[in-house]
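Asker: no sequence on this one, just coordinates:
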Ligand code: NI
């Protein structure tokens, strides 16, 4: 009984972070490497997963909650398979292959979806929340999610990767939504 109460208290203590929207300047900054792998980092990782699920996303990078750390969480299964939960700390792209062009969205750009060209397959290395290095490979949606999230750590958004004409249309749409109080 005490265990359940304690677990519930721990669960309730997890902070749901507000997601920063474009054009907040924090989204355009280079993030700094994570150097301390402590309990606070592990709590932050849990909070990022919860914040991402609440926002109905499959990936969330630290700058999207206002933190300039090289840290991102991904779950392309969206809660269906715990094995697909990925914590990428200080991630580096090792190798990419092929290309794919698919529609992409971002929690910092709600309602905006555009086709973006990405590698079809990627191998990366990263640290986990205990600081251990590991490698992971992904293709299709997972490759897209990994590359999208690593871009965030370098201040790059998916609208930076589309044509100037399409970007202008997107920016016009955002301005209109801002004007109508929808952004
Ligand atoms: Ni994003």
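Answerer: Structure received. Predicted, not measured: the structure shown is a model, and the values here were computed from it. Numbering: from 1, shown residues only.
Asker: Who are the packing partners of the longest strand seen in the chain?
Answerer: When the chain is parsed with DSSP state E, its longest strand is strand 86-97. Packed against strand 86-97 by the contact rule (3 or more Cβ pairs under 8 Å, 6 or more residues apart in numbering; DSSP states H and E) you find strand 71-74, strand 121-127, strand 133-139, helix 140-153. C-beta: built from backbone N, CA, C; applies to glycine.
Asker: The last one: what's the following helix or strand?
Answerer: Next in sequence after helix 140-153, counting helices and strands by DSSP states H and E, comes helix 164-179.
Asker: List the buried residues of that following helix.
Answerer: Of all the residues in helix 164-179, those buried under the rule 16 or more other Cβ atoms under 10 Å are 170, 174.
Asker: and what of stretch 110-129?
Answerer: Neighbour counts over stretch 110-129 (16+ other Cβ under 10 Å) mark 112, 114, 116, 118-124, 126-127, 129 as buried.
Asker: quick one: which two of the residues you listed are the most distant?
Answerer: Greatest spatial distance among the buried residues of stretch 110-129 (Cβ to Cβ): 114 and 129, at 32.2 Å.
Asker: coming back round to it: highest mean neighbour count out of the helices and strands packed on strand 86-97?
Answerer: Ranked by mean neighbour count, the helices and strands packed on strand 86-97 are led by strand 71-74 with a mean of 27 (mean count of other Cβ atoms under 10 Å).
Asker: who's in contact with that strand?
Answerer: When contacts are defined by Cβ atoms under 8 Å, 6 or more residues apart in numbering, strand 71-74 is touched by residues 31, 34, 41, 44-45, 48-49, 52, 58-62, 85-89, 91, 142, 145-146, 149-150, 152-153.
Asker: make it 7 Å
Answerer: 34, 45, 48-49, 52, 58-62, 86-89, 145-146, 149, 152-153 (Cβ atoms under 7 Å, 6 or more residues apart in numbering).
Asker: And for stretch 33-43?
Answerer: For stretch 33-43, the surrounding residues in contact (Cβ under 7 Å, 6+ apart) are 69-71, 89-90, 129-131.
Asker: out of the residues you listed, which are buried?
Answerer: 69-71, 89-90, 129.
Asker: In a markdown table, list the residues you listed along with pLDDT.
Answerer: Output for the buried ones among the contacts of stretch 33-43, formatted as a markdown table (pLDDT from 0 to 100):
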| residue | pLDDT |
| --- | --- |
| 69 | 98 |
| 70 | 98 |
| 71 | 98 |
| 89 | 98 |
| 90 | 98 |
| 129 | 96 |
